[in-house]
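[1] Below are the sequence and a predicted model for it; my questions follow.
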Amino acid sequence: MGVPFADGDDLHPRSNVEKMAAGRPLSDTDRWPWLDRIRSWMSDHDPSVVACSALKPGYRDRLRPAQFVYLKIGRELAQERLTGRFGHFFKADLLDSQFAALQEPGPEELDVLTIDSTASVEDLVQFIIDNVSGLASGQSQLPGQ
């Protein structure tokens with residue numbers, strides 16, 4: 001996309017990384033400083049792309065006026081992808097806490113593009129590139145629809 005990219009995991013405070021590495025899920029209180037770091041990074045690198053788990057409307061509010069892409073994924077596929085990831089502090093046994101905290105974007109969140117994460121990476125990237133600028137008009141459609 002030709003813009004700076006950050007993995008939100010790289011912006012976690014050390015205390016969050018240690019907590020997750022120990023298998024303990026983050027609380028809202030843990031996440032606010034992390035979201036502030038993401039917001040600051042985006043402000044310093046505008047425009048940019050950040051990959052992060054903005055699980056709740058309040059988290060997304062904290063990052064606005066960003067545009068969001070929500071990769072809708074089922075628990076089984078998420079488990080499969082996490083199990084195949086090595087050397088990362090986030091362990092697969094924390095997955096249930098992520099799904100428990102998740103509040104999927106609703107139709108009122110016009111700045112969120114929801115897409116099906118089961119498509120190929122190439123198709124997902126192309127769909128995002130083709131549609132991210134359409135978020136302001138409220139477009140939100142899965143690939144193939």
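    On my side now, so go ahead.
[2] Output the longest helix belonging to the chain.
    helix 28-44 (DSSP state H).
[3] contacts for that helix?
    Helix 28-44 is contacted by residues 6, 8, 11-13, 15-16, 19, 26, 48, 50, 52, 54, 56, 58-59, 62-63, 66 when judged by C-beta atoms under 8 Å, 6 or more residues apart in numbering. Glycine gets a C-beta too; all of them are placed from N, C-alpha and C.
[4] just checking, Thr114 is part of a strand?
    Yes: checked against DSSP: H, G, I helix; E, B strand; the rest coil, Thr114 lies within a strand.
[5] and it, how far is that from Tyr70?
    Distance from Thr114 to Tyr70, counting by C-beta to C-beta, to the nearest Å: 5 Å.
[6] for Phe99, same thing?
    14 Å.
[7] Looking at these two, which is more packed in?
    The neighbour count for Phe99 versus Tyr70, taken as other C-beta atoms under 10 Å, is higher for Tyr70 (17 against 12).
[8] Put the buried members of the contacts of helix 28-44 into a PyMOL selection.
    The buried subset of those, as determined by 16 or more other C-beta atoms under 10 Å, is captured in PyMOL by this line:
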select buried, resi 6+8+11+12+16+19+26+50+52+54+56+59+62+63+66
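[9] In strands, which of the contacts of helix 28-44 appear?
    Within these, membership in strands is found for Ala6, Val50, as judged by DSSP state E.
[10] now, which of the contacts of helix 28-44 lie within helices?
    Ser15, Asn16, Lys19, Gly58, Tyr59, Arg62, Leu63.
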